[in-house]
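> Need a 3D model of the sequence below.
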Amino acid sequence: MTARAVIATELSDGRTRLETLRSDPPLTLRQTGPGLVHLVSTGAGPLGGDRLELTIDVAPGTDLEVRSVASTLVLPGSSPAGSVMLIDARVGAGASLRFSPEPTVLAAGCSHRMAVRLSLADDATLFWREEIVFGRHGERPGRCRTRFDATVAGRPLLRQELLIGDPAVDAGPAVYGDARCVGSTLIAGQRWDAARDRKQERRATIGDGWAAMPLAGPGVLASALAGDTVELRSRLERAESAAALLAIS
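Numbering: from 1, shown residues only. A predicted model of the protein is given here:
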């Protein structure tokens, strides 16, 4: 199955308006408030062989928030190629995007690829959270490879890849150890521009299972590992709070 969804905003009388909201099951979009859209799963999966594509275009001067109603359960299927989820987002000048769906759960036997491409204008702001759970209760996770690429005004801000479900990698103490889930949040915008004062060295803030790491460009990456989703969200929120402090320090 191939499903495509598009969200596009426009500025109308000084307010954000959803100019385009188009989707195909199981990737279904619903407007739930001004500038607020929820992803609603209207079918099982993604299943092996499915290809889901989401395009987000935040027009200059507008604000958009995207959430999801529930977690996404990635399931195995008949196709050896596995499933694919592609997200392409553009955030215009003076615009902001907040993307914070519920976690993605990798069921045993699945083979999944996730790719995110973000293009931000120089003065755009972004909050982008991703959480991944290593299988349902009592099972090993399926296999997943994620790729994250973000640019600001055409300049690279973050390139990141994760591989999950490879026994040779997962159990390594330098990778996931005994964690059952992983999360990261990219917070970007001019407030987080580490290059503005090169005399002031900004250091990463590290806690129990989490870290907030300033990037070379205008952003901070918050990351966390945990044994369950409740602990993961708590740790990730602590890392996000630390990232906010870096912006005003």
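> At which residues are the helices of this protein located?
Using DSSP state H, the helices found in the chain span residues 167-170, 229-248.
> which residue is nearest the centroid of the protein?
Centre of the chain computed as the mean C-alpha position; nearest residue by Cα atoms, centre = their mean is residue 130, 3.6 Å away.
> I figured it hits residue 162, correct?
No: using Cβ atoms under 8 Å, residue 130 is not in contact with residue 162; the gap is 9.3 Å. C-beta here means a position set from N, CA and C on the backbone, and glycine is covered the same way.
> Residues in contact with both of those two, list them for me.
Both residue 130 and residue 162 are in contact with residue 146, where contact means Cβ atoms under 8 Å, 6 or more residues apart in numbering.
> Out of the helices and strands in this structure, which is least certain?
In the chain, no helix or strand scores lower on mean pLDDT, DSSP states H and E than helix 167-170, which sits at a mean of 71.
> hmm, back to that, residue contacts, the closest residue to the residue nearest to the centre of the chain other than its chain neighbours?
The spatially closest residue to residue 130, leaving aside those adjacent along the chain, is residue 184, at 5.7 Å (Cβ to Cβ, 6 or more residues apart in numbering). Under the criterion of Cβ under 8 Å, 6+ apart, the contact partners of residue 184 comprise 129, 130, 160, 221, 222, 223, 224, 236.
> Just name the closest of those to residue 121, please.
Taking Cβ to Cβ as the measure, residue 121 sits nearest to residue 221 out of those, at 19.7 Å.
> ok, now how distant is the residue nearest to the centre of the chain from residue 207?
Remark: distance between residue 130 and residue 207 (Cβ to Cβ, to the nearest Å) = 19 Å.
> Same question for residue 151.
The span separating residue 151 from residue 207 equals 29 Å under the rule Cβ to Cβ.
> What of residue 166?
27 Å.
> quick revisit: name the residue in residue 151 and residue 207 with the higher neighbour count.
When residue 151 and residue 207 are compared on other Cβ atoms under 10 Å, the one with more neighbours turns out to be residue 151, at 15 against 12.
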